[in-house]
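K.L.:
using only what follows, build the 3D model:
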Amino acid sequence: MILTNLIAKKKQQYLNELRIKSLTSKKSHLIKSFTILRNLSGKLRYHFIKWKEAAAENTLALEMHEEGPVREEVFEAKARFMNLRALMKSEGYDDKDIEDAIKQEKGRQSNLILKGLRRM
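P.N.:
Okay, the predicted model is just below:
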């Protein structure tokens, strides 16, 4: 009977030690996994915000290229060149004079566009 009690106590002590080890191991595993998940979610959020900002910048650049004020100036300049060419042909200028006038106007327009870009 005494031997049986001693064996039962040792068995109970051994099982208690295993339970404690198991709980501490589980707790440390949960702490590690929560730490990893928190870091991953933070990095994921950071990269999502970076992607969102880059996409917004790219969209803005595309809109400014396709519909922005610089594009309107380019269209207006092309329309002026076409009108100048048609007017000079109707006035009787030869092709060399027309090309010289258009080169001068292109230089003036490019200077105006550069002047506007420098102000930004």
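K.L.:
got the contact list for residue 6?
P.N.:
The contact partners of residue 6, taken as Cβ atoms under 8 Å, 6 or more residues apart in numbering, number zero. Just so you know, the C-beta spots here come from the backbone N, C-alpha and C atoms, and that holds for glycine as well.
K.L.:
state the mean pLDDT of stretch 86-104.
P.N.:
Here stretch 86-104 scores 85 as its mean pLDDT.
K.L.:
just checking, what's the longest helix in this structure?
P.N.:
helix 2-67 (DSSP state H).
K.L.:
what comes up buried for the helix or strand just after it?
P.N.:
Next helix or strand after helix 2-67 toward the C-terminus (DSSP states H and E): helix 69-91. Residues of helix 69-91 classed as buried by neighbour count (16 or more other Cβ atoms under 10 Å): 77, 85, 88.
K.L.:
how's this protein carved up into domains?
P.N.:
Split into domains by automatic domain parsing, the chain comes to 1-66, 68-120.
K.L.:
got the angle for the longest helix of the chain vs helix 69-91?
P.N.:
Counting by axes from the mean of the first three to the mean of the last three Cα atoms, to 10 degrees, helix 2-67 lies at 20 degrees to helix 69-91.
K.L.:
ok now helix 2-67, how far from the chain's centre?
P.N.:
Between the centre of helix 2-67 and the centre of its chain there are 28 Å (Cα atoms, centre = their mean, to the nearest Å).
K.L.:
pLDDT on it, on average?
P.N.:
84.
K.L.:
state the distance from residue 69 to residue 17.
P.N.:
Shown here: residue 69 relative to residue 17, a distance of 77 Å by Cβ to Cβ, to the nearest Å.
K.L.:
all set, thanks.
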